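Below: sequence and its predicted model.
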Amino acid sequence: MTPSADNPTLRLASELIRLPSVTPQDAGCQDLLARRLQALGFECESLQCGPEDWPVRNLWALRRGAAAQPPLLVFAGHTDVVPTGPREAWSSDPFAPEVRDGRLYGRGAADMKSSLAAMVVAIEAFLAAHPLPRASIAVLLTSDEEGPARDGTVRVCEQLQRRGLRPDWCIVGEPTSSATLGDVIKNGRRGSLSGRLVVHGVQGHVAYPDQARNPVHLVAPALAELAATTWDAGDADFPPTTWQVSNIHAGTGAGNVIPGALELQFNFRFGPASSAASLQARLLEVLRRHRVDHSLEWTLGAEPFLTPAGTLSRTLRQAIAAETGVEAALSTTGGTSDARFLARICDQVVEFGPPNSSIHQVDECIELRFLEPLAAIYRRTLEALVA
């Protein structure tokens, strides 16, 4: 069944889903949204970034408020989506939005084209009732959130910094809800520190181990210690730091050859209780103590950030309660998002969107009953902060 025309958020979300914006492609999503925003008086600026083989499109849209020094509320999000995987595994075409069983199906339905649609519909409804708000409203979009995130939101934030523009509040439309719409707001995220460890051994025949050095055996005691280590206890806002091996490989494929090297990839998810530097030092000490001959490359994907409970989270929680009756919890769990870049230029950053149970999965979907309430929550927040 095709989407109904009597639900503006559903209608716009469906238009966005039809555009196959697999990262870093935008596929026209930002043009579609920019046209809607320009009709409301937004100044829209398209920022192209990235190399030729990874062209990233960003949109900065601003509608200035009537106050002499208007505060600024930013809605932020991404138009790119993850690949669909095998099309035949889907019950319907992932880029042909379909309504069935009370849900809207399609890639990006939950992450995060429904949020983008709800934001624009909310802004339209708000400005229809308040055509001259005192505060400014902006929308920041990128097509590089699901990818390496090198040329997306981070580049726009750098541009805004150079202009001396510092938002007062920012809402990122990530799918944060769990069991029902409105039960979780993300007011921070853990940091992400990854490593690529190569353990150096000496290749040889399994029948002559005295003539070889097996890197699997060399690293095994250190690996056991690292897996059993308690890195910290977390704090009131963040869970304890975790360390996980994500990939491990050694050997030539032959059953009678001792491998000459082992490659292991791992990741720390950490809060303020541990710094990236301290985690690096502790891991290296374990390798040194076990005399593991190795080389190691580090990638710091994100530092942890936290927005303490304040005006923005309080206003959003009140809007959620008024619209749904749900008391939202503040949380810092989950993966990283572009909120980490926005937190560098804005003191109050939160993430809020629909339930995330189907994101990145085959048959991604959102329940229809959540679409208009999501737009209404964003509109109530605008009325409280911007009018």
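Alright, I've got the coordinates. Numbering: from 1, shown residues only.

show me where pLDDT drops low in this structure?
For the chain, the stretches flagged by pLDDT under 70 are 1-5.

part of a helix, is residue 231?
No: counting by DSSP: H, G, I helix; E, B strand; the rest coil, residue 231 is not part of a helix but coil.

so how far is residue 196 from it?
Separation of residue 231 from residue 196 (C-beta to C-beta, to the nearest Å) stands at 19 Å. (Each C-beta comes from the backbone N, C-alpha and C, glycine too.)

of these two, who's got more company?
Ranked by neighbour count (other C-beta atoms under 10 Å), residue 231 and residue 196 place residue 231 first, with 19 against 14.

quick one: the more buried one and residue 271 touch, right?
No: look at residue 231 against residue 271 with C-beta atoms under 8 Å: they stay out of range, at 10.1 Å.

For these two, list the residues in contact with both.
Here residue 231 and residue 271 share the contacting residues 240, 241, scored by C-beta atoms under 8 Å, 6 or more residues apart in numbering.

May I see the domains of this structure written out as residue ranges?
The record's domain parsing of the chain by automatic domain parsing lists 8-189+304-385, 191-302.

quick check, residue 330 in a helix?
No: assessed with three-state DSSP, residue 330 is strand; it does not lie in a helix.

tell me the contacts of it?
Listed by C-beta under 8 Å, 6+ apart, the contact set of residue 330 reads 185, 186, 187, 309, 313.

mind redoing it with 7 Å?
Residues near residue 330 by C-beta atoms under 7 Å, 6 or more residues apart in numbering: 185, 187, 309, 313.

swap in residue 339?
Per C-beta under 7 Å, 6+ apart, neighbours of residue 339: 172, 189, 349, 351.

Show me the helices in the stretch 251-387 of the chain, by range?
For the stretch 251-387 of the chain, helices defined by DSSP state H, counting those that start in this stretch occupy the ranges 276-289, 311-324, 339-342, 371-385.

Please look at residue 375 and residue 122 and confirm they touch.
Yes: applying C-beta atoms under 7 Å, one finds residue 375 in contact with residue 122, separated by 4.7 Å.

neighbour-wise, which of these two wins?
Counted by other C-beta under 10 Å, residue 375 and residue 122 do not tie: residue 375 has more neighbours, with 28 against 22.

quick one: that one from residue 68, how far?
From residue 375 over to residue 68 (counting by C-beta to C-beta), the distance is 30 Å.

same thing with residue 139?
Counting by C-beta to C-beta, the gap from residue 139 to residue 68 is 23 Å.

Surely residue 172 and residue 77 touch.
Yes: counting by C-beta under 7 Å, residue 172 touches residue 77, with 6.3 Å between them.

Most tightly packed of the helices of the stretch 251-387 of the chain?
Burial of those is given as mean neighbour count (mean count of other C-beta atoms under 10 Å); helix 339-342 ranks first at a mean of 25.

next one: that one to chain centre, how far?
Chain-centre distance of helix 339-342: 9 Å, with C-alpha atoms, centre = their mean, to the nearest Å.

Which residue lies nearest the spatial centre of this structure?
With distances taken as C-alpha atoms, centre = their mean, the residue of the chain nearest its centroid is residue 337 (2.7 Å).

got the contact list for residue 297?
Counting by C-beta under 7 Å, 6+ apart, residue 297 touches 195, 196.

hmm, try it at 10 Å
194, 195, 196, 197, 198, 265 (C-beta atoms under 10 Å, 6 or more residues apart in numbering).

Please give the element, helix or strand, for the third one.
Going back to what we said before, that points to residue 196. Taking DSSP states H and E as the criterion, residue 196 maps to strand 191-200.

Name the nearest residue to residue 29, sequence neighbours excluded.
In this structure, residue 29 finds its nearest non-sequential neighbour in residue 79, 3.8 Å apart by C-beta to C-beta, 6 or more residues apart in numbering.

How much space separates that neighbour from residue 11?
Applying C-beta to C-beta to residue 79 and residue 11 gives a distance of 17 Å.

Who has more neighbours out of the two?
residue 79 (30 against 16).

Dihedrals phi and psi, the more buried one?
The phi and psi values for residue 79, taken as degrees, to the nearest 10, are phi -90, psi -10.

same deal with residue 43?
Main-chain torsions, residue 43, degrees, to the nearest 10: phi -90, psi 120.

In contact with it: list those residues for me.
37, 60, 61, 62, 63, 64, 138.

which ones are touching residue 202?
So residue 202 contacts 211, 212, 213, 214, 215, 258, 259, 260, 261, 293 (C-beta under 10 Å, 6+ apart).

Can you report how many residues neighbour the first one?
Residues within reach of residue 211, counting by other C-beta under 10 Å, total 11.

Let me know whether residue 320 touches residue 326 as I believe.
Yes: Residue 320 is within contact range of residue 326, at 5.8 Å (criterion: C-beta atoms under 10 Å).

Isn't residue 30 up against residue 113?
No: counting by C-beta under 10 Å, residue 30 sits too far from residue 113 to count as a contact (11.9 Å).

which residues do the two both contact?
Common neighbours of residue 30 and residue 113, counting by C-beta under 10 Å, 6+ apart, are 19, 21, 79.
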